[in-house]
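**Student:** One predicted model, sequence on top.
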Amino acid sequence: MTGAFKPKHQRLVLVVIALAALIAAALLAMWALRNQASYFYVPSDIAARPPAAGRAVRLGGMIENGSLKTRPDGVTIDFVVEDGKARVPVSFTGIVPDLFTEGSGVVAEGSMQRDGRFLATNLLAKHDENYVPRELKDMTEAQKRQTVAEATR
Amino acid sequence: MIAELGLAALWLAAALAALQLFGGVLGLRPRGEALAAVVRPAAVVQAVLCALAFAALIAVFARTDLSVALVAKNSHSEKPLIFKLAGAWGNHEGSMLMWVMIMAAAGGLIALVERRLPERTMLATLAAQAFVSLGFYAFLLISSNPFARLDPAPLEGAGLNPLLQDLGLAFHPPTLYCGYVGLSIAFSFAVGALLTRQVTPEFAKVMRPWVLGAWIFLTLGITAGSYWAYYELGWGGWWFWDPVENASLMPWLAATALLHSASVLAARDALRAWTIMLGVVAFSMSMIGTFLVRSGILTSVHAFAVDPTRGTFILALLAIYIGGALLLFAVRAGSVAEGERFSIMSREGALVVNNVALSAILGIVLLGTLYPLLTEAFGVRVSVGPPYFNPVSAMFFAPMLLVLAVGPLLRWRRDRFDRVQASVVAAAVAGMAALTAALLIGGIKLLPMIGMGLAGMLAVASFLPLKGRSLRRLPLPVWGMCIAHFGMGVALFGVAADSAFTQERLVAARVGDTARVGPWTIRLASVSPVAGPNWTALQAQLQASYNGHAPHQIEPQARTFWTPPQSTSESALLTRWNGQLYAVIGGEAEGDRWQLRLWWKPFVTWIWYGGGLIGFGGLLSLVGRVSGDLKRRSVRRRHAERRAEATA
């Protein structure tokens, strides 16, 4: 197959193949980003236009007072994330971060289930002053509730 | 006093960089020889001064001199000495000083030893190196002075982030920085060669060992960083596609491409402009990574300080250096004459595929890293994670590895497939065997399955270039290549096995309870409080036995530090040749139970063994190239001496 081209043409073919591959990479990346990026929701977003069940998203808000319950297995918890306008029930199996308490902010990674629960696979919480998830940091700085309200605007 | 000495040394070094720049630029003009003579000494003295400044910083940290603002902010008198020292670069200012020091050291080193290039290209290269250094000196001295005093001095320091109080920290950043900043030499060489239009095979041969050196450091730095994240963060993952990790991966991808294209330029005088371009891109990726990490637009354990002026400063530096270099490239690339031609079916052709694939992966990672910043400008918050990075990069990674199996077997310039057919079949058989084994085990997802097939293929294919050659006479760089490619296969197998076979158990256990994960039976023997130098912890004693063998004791801890107040979980690992048991203790659950998270991760350690092999392969190749150069140099000197004697 290589014998069919003169050297000069071969060079051109190489350049064309390389360019095609790079353009394909760019298009593929853009397409995948639109489909695979996980969007940030607050509870009222979820009430207004819920994400498709099973799609990876992040949910941020306040842990409702009195909503935190541990199941008998000792490692699964249920709680409600609210933003003053809407509430989303959340389940999580795992070890919770240290600063995870009722009344404080949380960002949960996971997906909505068909029954309207949010199944969290990971909870992001404040590790220390220097390492705060972006959304959480805004919440603690700007008096949590207002920030959640801002985010819903 | 020590702090003032350090600061003075830094200012002097900056002045010498300015001298080096002007000497280099003016020296390039006709009759500039006198000025040109200052350039090399300036580079060497500058390196010594920077080393002094860095030593001064280490000294104030060792003595916990709290009148230095940086020490007060990041250290504490009750910290173990090793972490006091490591704390010197575990913060923004100190790490930038290290950056500048390594950059000066690299410049000083090429000024001292590199005599093979035309002197004009050397002058332009050292001027470029000084130009880049000057920006970072300005950044350090104007917006991030590490030696600033604090008056009055506080009685006690604020301490170091406990996550960073780990032996890994003592080595991870310096290693990574040697890699990042070492690439500045490739950048300066590229700019120097463009300025003097000297893009020759000789140029590639000169640049290659320096790139190789930086690349080895990057490889080992990334490998160590990944292991650190794995055991220190307690999440059981080894790569999170965190922007900071991507910031280290991108220069590595560019440098890997550069190494391969430089070998084409060195051996065949082809891919001239492209190699120069990669030299510019590799260090640009280092700078972009620094910008992402240090500007505070990304929050992570690596973002020491959120300071918008610093971000703007680095952004301006980026615009000047990357923009300037690309502009120079655009103006000059046309005058870099077209290189030698080659057939697609040749070593060069395979290396072009490698370069295109690596560039595509680089683009994919860069896009994914910047995408959240782009959407945030439009008020949409997203995060991009493994569901994007894994499949999209695999689409280019897998074909690249397929070509990797064939490429090293091909001849330069032009080859026929039937000549290498037998070897290719051997590699393909190995790959299919691995794939079939993965299929028979069953329940493995598509990507890990492909990974295992490719790993099996690589294990055989990476040593096929040795076929029919005398192993004793084989040059070291060929050994290096084979071992690095084999390391790629080992790491890939580790990655695939970890994602295919990992088993996880999450239990709330009473003292005396047992839990099973994979082949392991783990008994919670006790939970007790323990105290360290600057922390207290709850420690679980676990007795873990593998398939009923005698139990080993492991002790995961949940630590609480008090300066600054923070909690970390110290995972406990039990390593076997075929994998690792990973245990974390969580909180207390109702009914006197303790949360335990246990993972059995078959072959996970192969990821880092593979990374080590890749680095070791690079090292062999470097040793081979440098010793070869030294030998040639001494032969040339002897010839010159003999000729001098003959004429005398």
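**Tutor:** Structure received.
**Student:** isn't A:Asn110 right up against A:Ala56?
**Tutor:** Careful, residue A:110 is Gly; it's not Asn. Yes: the criterion here is C-beta atoms under 8 Å, and A:Gly110 meets it with A:Ala56 at 7.4 Å. Heads up, the C-betas are built off the backbone N, CA and C, glycines and all.
**Student:** what about these two, which has more around it?
**Tutor:** A:Gly110 (20 against 17; other C-beta atoms under 10 Å in any protein chain shown).
**Student:** Could you give the bridge partners of the closest residue in space to that one that isn't next to it in sequence?
**Tutor:** Closest residue to A:Gly110 apart from its sequence neighbours, by C-beta to C-beta, 6 or more residues apart in numbering or on different chains: A:Ala120 at 3.9 Å. Beta-bridge pairing for A:Ala120 (DSSP bridges): A:Phe92, A:Gly110.
**Student:** Any figure for the gap between A:Ala120 and chain B?
**Tutor:** 14 Å (C-beta to the nearest C-beta, to the nearest Å).
**Student:** So what's the residue count around that residue?
**Tutor:** Count around A:Ala120 with other C-beta under 10 Å applied: 23.
**Student:** Local confidence estimate at it?
**Tutor:** With respect to pLDDT, A:Ala120 has a value of 93.
**Student:** same deal with A:Glu150?
**Tutor:** pLDDT at A:Glu150 comes out at 42.
**Student:** so which residue of the stretch 1-150 of chain B comes closest to chain A?
**Tutor:** Using C-beta to the nearest C-beta, the single residue of the stretch 1-150 of chain B nearest to chain A is B:Asn91, 9.8 Å away.
**Student:** And that residue, its phi and psi?
**Tutor:** B:Asn91 adopts backbone torsions of phi -160, psi 170, taken as degrees, to the nearest 10.
**Student:** Is it in contact with B:Asn74, as I believe?
**Tutor:** Yes: B:Asn91 lies in contact with B:Asn74 (C-beta under 8 Å); the separation is 4.5 Å.
**Student:** one step back: contacting residues for the residue nearest to A:Gly110?
**Tutor:** A:Leu59, A:Val90, A:Ser91, A:Phe92, A:Ala108, A:Glu109, A:Gly110 (C-beta atoms under 8 Å, 6 or more residues apart in numbering or on different chains).
**Student:** Quick one: the helices in chain A, in order.
**Tutor:** Using DSSP state H, the helices of chain A run over residues A:7-36, A:43-48, A:134-141, A:145-152.
**Student:** Spell out for me which residue occupies the centre of chain B.
**Tutor:** B:Leu218 (2.4 Å; C-alpha atoms, centre = their mean).
**Student:** same check, this time on chain A
**Tutor:** A:Arg58 (3.0 Å).
**Student:** That one reaches A:Tyr41, doesn't it?
**Tutor:** Yes: here A:Arg58 reaches A:Tyr41: they are 6.9 Å apart, a contact under C-beta under 8 Å.
**Student:** Which neighbouring elements make contact with the helix or strand B:Leu374 falls within?
**Tutor:** B:Leu374 is part of helix B:347-377, with elements assigned from DSSP states H and E. In terms of contacts (3 or more C-beta pairs under 8 Å, 6 or more residues apart in numbering or on different chains; DSSP states H and E), helix B:347-377 is packed against helix A:7-36, helix B:243-268, helix B:272-294, strand B:382-383, helix B:386-406.
**Student:** Now do that helix, average pLDDT.
**Tutor:** Rounded mean pLDDT across helix B:347-377 is 91.
**Student:** and what of stretch B:495-505?
**Tutor:** 94.
**Student:** Name the residues of it that are buried.
**Tutor:** Neighbour-count burial for stretch B:495-505, counted by 16 or more other C-beta atoms under 10 Å in any protein chain shown, picks out B:Val495, B:Ala496, B:Ala497, B:Asp498, B:Ser499, B:Ala500, B:Phe501, B:Thr502, B:Arg505.
**Student:** In contact with the third one, which residues?
**Tutor:** Read it as B:Ala497. B:Pro448, B:Met452, B:Gly579, B:Pro602, B:Phe603, B:Val604, B:Trp606.
**Student:** Out of these, which is nearest to chain A?
**Tutor:** Taking C-beta to the nearest C-beta as the measure, chain A lies nearest B:Pro448 of these, at 18.3 Å.
**Student:** Please name every helix or strand in contact with the helix or strand hosting the closest one.
**Tutor:** Taking DSSP H and E as the criterion, the element that holds B:Pro448 is helix B:446-461. Packing partners of helix B:446-461 (3+ C-beta pairs under 8 Å, 6+ apart): helix B:386-406, helix B:417-441, helix B:476-501.
**Student:** what about the chain, any weak spots by pLDDT?
**Tutor:** In the absence of a named chain, chain A is used. A:1-10, A:98-99, A:125-153 (pLDDT under 70).
**Student:** that's the other chain; I wanted chain B
**Tutor:** B:161, B:163-164, B:169, B:295-308, B:337, B:563-564.
**Student:** Which single residue of it ends up nearest chain A?
**Tutor:** B:Ala508 (2.5 Å).
**Student:** what's the offset of the helix or strand containing that residue from the middle of its chain?
**Tutor:** Per DSSP H and E, B:Ala508 falls inside strand B:503-509. Put simply, strand B:503-509 sits 34 Å off its chain's centre (C-alpha atoms, centre = their mean, to the nearest Å).
**Student:** next structured bit after that strand?
**Tutor:** Criterion used, DSSP H and E; the element after strand B:503-509 is strand B:514-517.
**Student:** The closest residue to chain B within chain A: what's its closest spatial neighbour, skipping adjacent residues?
**Tutor:** In chain A, the residue that lies nearest chain B is A:Gly74 (2.5 Å; C-beta to the nearest C-beta). Of all residues beyond its chain neighbours, the one nearest A:Gly74 is B:Ala508 (2.5 Å), with distances taken as C-beta to C-beta, 6+ apart.
**Student:** Name whatever forms a beta bridge with the one you found.
**Tutor:** B:Gln595.
**Student:** quick one: contacts for it?
**Tutor:** A:Asp73, A:Gly74, A:Val75, B:Ala589, B:Arg593, B:Trp594, B:Gln595, B:Leu596.
**Student:** neighbour-wise, which of the residues you listed leads?
**Tutor:** B:Leu596 leads these on contacts (other C-beta under 10 Å) with 26 neighbours.
**Student:** B:Lys601 is in contact with B:Gln580, correct?
**Tutor:** Yes: counting by C-beta under 8 Å, B:Gln580 does reach B:Lys601; the two are 5.1 Å apart.
**Student:** the more surrounded of those two?
**Tutor:** B:Lys601 (25 against 19).
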